[in-house]
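S.K.: prediction below, plus the sequence it came from.
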Amino acid sequence: MPSLFDPVRLGAIHAPNRILMAPLTRTRGTREHAPTEVMARYYAQRAGAGLIVAEAIGISRQGLGWPHATGLWREDQVSGWRRVTQAVHDAGGQIIAQLWHMGRMVHPSFVDGASPVSASATQAPGRAHTYYGREPYAVAKPLAREEIPGLVDDYRRAAERALEAGFDGVQVHAANGYIIDQFLRDNANLRRDEYGGSIENRIRLLCEVTQSVADAVGAPRTSVRLSPNGDSQGVNDSNPEPLFRAAGAALSDIGIGFLELREPPRDGSLGQGDRDPLAPAIRQAFAGPLVLNSDYDQARAQAALDAGVADAISFGRLFIANPDLPRRFAEGGPLTRDDKLTWYSQGPEGYVDYPAMTESVRL
């Protein structure tokens, strides 16, 4: 069985190791959702990952509702991301863009008071992060049938801009309760047209978006992220295994470069109630490389490779405070703990000031 330090081919990406950096929203962009100079330094510091999946990046103004997150719908955003990707490449790394539409999670204050859009007229639980503090989410406006091609086209254009910005590929964010997940799962999708009801209908938007992106940038440079098990920001499904088996099989037919699943291991601290992990079932349906994510440490990650349920593991929080995580794993170095208070702040503190192991006390 391969180790975490062996290379792996992920479609068009030849990753030098199987320790990937998961997408992490860190809110270091401008108020107008453009990348900043400090972001180039942050990602370059982590270029030792087999592959960096960049933070979720908004495909359109309609789809982005997080303060100081970044987008890919304007030229200044493209040029800002170009500085980031160049810094990663200069440091010897590879980076792909995660394409994001938040759907019902967009607070109206981000879109001049307009209602958010979703599969159906549902409302996310809790309160949104806005520039004016925490505010209740609004009831979403169901996307009309004639509006869906425009949404698909927004993903395609964002994928094309990502390659213009120097990214090595893209990932369709279909997880975590955002708009594609809102179409996939039956407690958020109450539609009665060809995008609702049956599993075939509920995976339709995912398939149309992924095929459009793959046609634009190439299937080997396209990946998808799913969160198949448990509640994600109020989005859930009554019978997820057949749903995500079907999704995996459809994505396999498109020929995407890899599929990433956000699903904690059975002994992970996040837990999934009484449900068993769905990764083994999805692996049977999806023929390409499978990446697992969430709550993994080095030992559990290697165990997943040994068991043959994954080809690589993506790490999120461990990369926040350990920019040279693959080296620390390889040499048994100490792992620095991250400061949660700086996850979503706007300055360099807690972002680019975590030292590499050569600057730390070694074990």
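M.R.: Okay, I see it.

S.K.: how about the nearest residue to Ala162, chain neighbours excluded?
M.R.: Ala97 (4.0 Å; Cβ to Cβ, 6 or more residues apart in numbering). (Glycine included, C-beta is placed from N, CA and C.)

S.K.: packing partners for the host helix or strand of Ala299?
M.R.: For Ala299, the host element (DSSP states H and E) is helix 298-306. Here helix 298-306 touches strand 312-315, going by 3 or more Cβ pairs under 8 Å, 6 or more residues apart in numbering; DSSP states H and E.

S.K.: okay, buried residues for the helix or strand following the strand it packs on please.
M.R.: As assigned by DSSP H and E, the chain's next helix or strand after strand 312-315 is helix 317-321. For helix 317-321, the buried set under the neighbour-count rule, 16 or more other Cβ atoms under 10 Å, comprises 318-321.

S.K.: what of stretch 308-317?
M.R.: Quick answer for stretch 308-317 (16+ other Cβ under 10 Å): 309-316.

S.K.: tell me who's in contact with the residue nearest to Trp343 when sequence neighbours are not counted.
M.R.: Closest residue in space to Trp343, ignoring its immediate chain neighbours: Arg26 at 6.8 Å, by Cβ to Cβ, 6+ apart. Taking Cβ atoms under 8 Å, 6 or more residues apart in numbering, we find Arg26 in contact with 42, 55, 343-344, 351.

S.K.: keeping just the C-alphas, turn stretch 109-128 into CSV.
M.R.: C-alpha atoms of stretch 109-128 as CSV (Å, rounded to 0.1, in the frame of the first residue of the first chain):
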residue,chain,number,x,y,z
SER,A,109,-26.8,42.6,2.8
PHE,A,110,-24.2,41.2,0.3
VAL,A,111,-26.5,41.6,-2.7
ASP,A,112,-28.2,45.0,-2.2
GLY,A,113,-31.1,43.5,-0.3
ALA,A,114,-32.0,40.8,-2.8
SER,A,115,-33.2,37.4,-1.6
PRO,A,116,-30.7,34.6,-1.7
VAL,A,117,-31.4,31.8,-4.2
SER,A,118,-31.6,28.1,-3.7
ALA,A,119,-33.4,24.9,-4.9
SER,A,120,-36.5,25.8,-2.8
ALA,A,121,-37.9,28.4,-0.5
THR,A,122,-36.0,27.2,2.6
GLN,A,123,-34.0,29.1,5.3
ALA,A,124,-30.7,28.2,6.7
PRO,A,125,-30.5,27.8,10.5
GLY,A,126,-28.5,30.2,12.7
ARG,A,127,-27.1,33.6,11.8
ALA,A,128,-25.0,34.8,8.9
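
S.K.: residues in contact with Ala138?
M.R.: Applying Cβ under 8 Å, 6+ apart, the residues near Ala138 are 104, 107-108, 115-116, 123.

S.K.: show me what contacts Pro2?
M.R.: Applying Cβ under 8 Å, 6+ apart, the residues near Pro2 are 8, 18, 305, 311.

S.K.: surely the second one touches Asp306?
M.R.: Translated: Arg18. No. The pair Arg18 / Asp306 is not scored as a contact, 11.9 Å apart, by Cβ atoms under 8 Å.

S.K.: who has more neighbours out of these two?
M.R.: Counted by other Cβ atoms under 10 Å, Arg18 and Asp306 do not tie: Arg18 has more neighbours, with 28 against 12.

S.K.: which residue packs closest to that one, ignoring adjacent ones?
M.R.: Ala312 (3.9 Å).

S.K.: can you give me the strands in the stretch 101-250 of the chain?
M.R.: Using DSSP state E, counting those that start in this stretch, the strands of the stretch 101-250 of the chain run over 117-118, 127-130, 133-136, 141-142, 170-173, 222-226.

S.K.: next, format those as a markdown table and append mean pLDDT and mean neighbour count.
M.R.: Shown next, in a markdown table, are the strands of the stretch 101-250 of the chain (pLDDT from 0 to 100; neighbours: other Cβ atoms under 10 Å):
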| stretch | mean pLDDT | mean neighbour count |
| --- | --- | --- |
| strand 117-118 | 98 | 24 |
| strand 127-130 | 96 | 17 |
| strand 133-136 | 96 | 11 |
| strand 141-142 | 98 | 18 |
| strand 170-173 | 99 | 29 |
| strand 222-226 | 98 | 28 |
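
S.K.: would you turn these into a markdown table with distance to Gly71?
M.R.: Output for the strands of the stretch 101-250 of the chain, formatted as a markdown table (distance: least, Cβ to Cβ, whole Å):
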| stretch | distance to Gly71 |
| --- | --- |
| strand 117-118 | 16 |
| strand 127-130 | 16 |
| strand 133-136 | 21 |
| strand 141-142 | 21 |
| strand 170-173 | 13 |
| strand 222-226 | 18 |
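
S.K.: how about Asp168: what's its closest non-neighbour residue?
M.R.: Per Cβ to Cβ, 6+ apart, closest to Asp168 is Gln94, 4.8 Å.

S.K.: list the buried residues for stretch 114-126?
M.R.: Buried residues in stretch 114-126, counting neighbours by 16+ other Cβ under 10 Å, are found at 116-120, 122, 124.

S.K.: residues in contact with it?
M.R.: 62, 65, 102-108, 137-143, 147, 151, 177, 179, 182-183, 188-191, 195-196, 205, 233-234.

S.K.: narrow the residues you listed to those that are buried.
M.R.: Looks like those have 62, 65, 102-108, 137-138, 140, 142-143, 151, 177, 179, 182-183, 188-189, 191, 195-196, 205, 233-234 buried, using 16+ other Cβ under 10 Å.

S.K.: hang on, Gly48 packs against Ala330?
M.R.: No. With contact defined as Cβ under 8 Å, Gly48 does not reach Ala330; the gap is 9.8 Å.
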